[in-house]
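Student: Next input, structure requested:
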Amino acid sequence: MAHTLWHRGILIGETNFEGDGSRRAHGGTRPHLAGVFRPTAHGRRLLPRLCGILSASADLKDELLRRGIDPDDPPPESVHEVLETTVAGARVLDVGRVLSEVELRAPTGVPMRVASMAFMDLSELSSLTRRLDCSRTVDHEAVPPSVAEFIVSVTLREPMAPWARTAPLQ
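Tutor: Okay, the predicted model is just below:
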């Protein structure tokens, strides 16, 4: 059975998270899950507002640099101004607002407590990799169309209860 994702009470898609929920986010103590996101028609329409945080954050960093502000240690008032007055800032805020309205439910239908969530469009990741001139470990152009388009990554607030896990992959 799949975990489902809901926006304002409307089903937007589902995922069968990879693994058993024992991975930890960024070396911390909270469980981290990731899997292919399979959107519904409504979810596909919402995806432009769910994805894009990586590109928007890169744009925000560029804006800070243009203003002569160190993006690794910006003064809070500068961050607030850039968030409130730029297209990049508006994009970051919009993605955050929409994500805050997304609910993750266990296969049993019970809502799960989420610390953070991100949706990733793999074509955006490919574009961003080229834009930032990152070393490429994957030839995105060679990936067949049958491979996933979207990934959802979730860090839970607390360990997964046994009822929240999906059946192990065979």
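
Student: Only C-alpha atoms from now on, for both contacts and neighbour counts.
Tutor: Noted.

Student: and for the helix or strand containing Thr155, what are the contacting residues?
Tutor: Under the criterion of DSSP states H and E, Thr155 resides in strand 150-156. If you take C-alpha atoms under 8 Å, 6 or more residues apart in numbering as the criterion, strand 150-156 is touched by 15, 25, 30-38, 112-122.

Student: Is it possible to mark the buried ones in those residues?
Tutor: For those, a burial check counting by 16 or more other C-alpha atoms under 10 Å picks out 15, 25, 30-38, 112, 114, 117-122.

Student: Among those, which ones are in helices?
Tutor: Leu122 (DSSP state H).

Student: before we move on, the earlier item: can you give me how far the strand holding Thr155 is from the chain middle?
Tutor: When C-alpha coordinates are averaged (C-alpha atoms, centre = their mean, to the nearest Å), strand 150-156 and its chain have centres 6 Å apart.

Student: Quick check: can you name the pairing partners of it and their directions?
Tutor: Paired with strand 150-156 in the same sheet, following DSSP bridges, are strand 32-36 (antiparallel), strand 114-121 (antiparallel).

Student: Identify the bridge partners of Asp121.
Tutor: In this structure, Asp121 bridges to Phe150 when assessed by DSSP bridges.

Student: Burial check on the residue nearest to Phe119 when sequence neighbours are not counted, number of neighbours?
Tutor: Nearest residue to Phe119 in three dimensions, chain neighbours excluded: Val152, at 4.5 Å (C-alpha to C-alpha, 6 or more residues apart in numbering). Close neighbours of Val152, defined as other C-alpha atoms under 10 Å, add up to 20.

Student: how much space between Val152 and Leu64?
Tutor: When C-alpha to C-alpha, to the nearest Å is the yardstick, Val152 and Leu64 sit 28 Å from each other.

Student: Give me the buried positions along whatever helix or strand Ser55 lives in.
Tutor: With elements delineated by DSSP H and E, Ser55 resides in helix 53-66, which encompasses its position. Within helix 53-66, the residues that count as buried by 16+ other C-alpha under 10 Å are Ile53, Leu54, Ser55, Ala56, Ala58, Asp59, Leu60, Lys61, Glu63, Leu64.

Student: Ok, stretch 104-114 next?
Tutor: Of the residues in stretch 104-114, those with enough neighbours to count as buried (16+ other C-alpha under 10 Å) are Leu104, Arg105, Ala106, Pro107, Pro111, Met112, Val114.
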